[in-house]
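K.L.:
Let me see the structure of the following:
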Amino acid sequence: MDDSKVPTASIRGLSESEKQVYWQNLWQNDQAWFHMSDAHPDMLKFQDQFLRDNCRVYVPLCGKSVDLKYLADKGHEVVGCEYCETAILQFFEEQSIKYERYQHPTAPYEIFKATDENITIYKGDFFALGSSIMGKVDAIWDRGSFVAIDPSRRREYADVIYDVINADGKYLLYSVEYEGNISGTPYNVQEQEIDDIFGQKFAAFTLDTHEVTLLSFLGVPTATVSLLLLKPRE
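P.N.:
Numbering: from 1, shown residues only. Prediction:
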């Protein structure tokens, strides 16, 4: 890990407005250590589990993830949500994708829409972006969104996810569990919390669990990553 990419400030205890500044600085200072230059291997491994042909896929808190381009190239309609404009602009520039940007007519979102790709990114608050604004989706790929939001808002987060996913949709969730504390994200997610938070509205199935050392530079020698498939309950 390049030491220059290690965040120098803590996100814990910050107000919502201060957290927005934290994320802006992270992208602007090239400290988004979690960003991957290739499509995420766990998404590739389990794509057939949560995607069907030509579906509408949502990637919350998408940053500049190349997964957006990968999914669009596979024939899917891709919708992202991201607060930080820097990350959105970097995505389109780095992927050489032309786009147009315009204000949503009734909601406080600026929309970045690719002109030659089936990719749309809403710039704004994840928690206010419901199905009445963005419509319903068939699939959700959540690599770094749930683990990045404040734990106190996890039930609210689950409500938003349930609102935007179709009744027959599938939700692939990347979760991280570890011992100790770190100054930033990802936040620790205990195994039982998934059922506590999502269990009333989703049936959850564990697809894979493995140990990783990706947080070692933050003082966590090993962490357990779980990939879970969630389906809305009828």
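K.L.:
next SSE after the lowest-mean-pLDDT helix or strand in the chain?
P.N.:
When each helix and strand of the chain is scored by mean pLDDT, DSSP states H and E, helix 16-28 comes last, with a mean of 70. Next helix or strand after helix 16-28 toward the C-terminus (DSSP states H and E): helix 41-50.
K.L.:
and whatever helix or strand comes next after that next one, what does it pack onto?
P.N.:
Remark: after helix 41-50, the chain's next helix or strand is strand 56-59, criterion DSSP H and E. Judged by 3 or more Cβ pairs under 8 Å, 6 or more residues apart in numbering; DSSP states H and E, strand 56-59 is in contact with helix 67-73, strand 77-82, strand 137-142. No exception for glycine: its C-beta is placed from N, CA and C like everyone else's.
K.L.:
out of these, nearest to residue 122?
P.N.:
For residue 122, the closest of the helices and strands packed on strand 56-59 is strand 77-82, at 4.9 Å, according to Cβ to Cβ.
K.L.:
The closest one pairs with which strands, parallel or anti?
P.N.:
Counting by DSSP bridges, the strands paired with strand 77-82 are strand 56-59 (parallel), strand 119-123 (parallel).
K.L.:
Between the ones you listed, which one is closest to residue 228.
P.N.:
Per Cβ to Cβ, nearest to residue 228 of the strands paired with strand 77-82: strand 56-59, 16.2 Å.
K.L.:
who's in contact with the closest one?
P.N.:
By Cβ atoms under 8 Å, 6 or more residues apart in numbering, the list of residues contacting strand 56-59 from outside reads 51, 65, 67-68, 71, 76-81, 134-143, 145, 164-165.
K.L.:
One more pass at 6 Å, please.
P.N.:
The contact list for strand 56-59, computed with Cβ atoms under 6 Å, 6 or more residues apart in numbering, reads 71, 76-80, 137-141.
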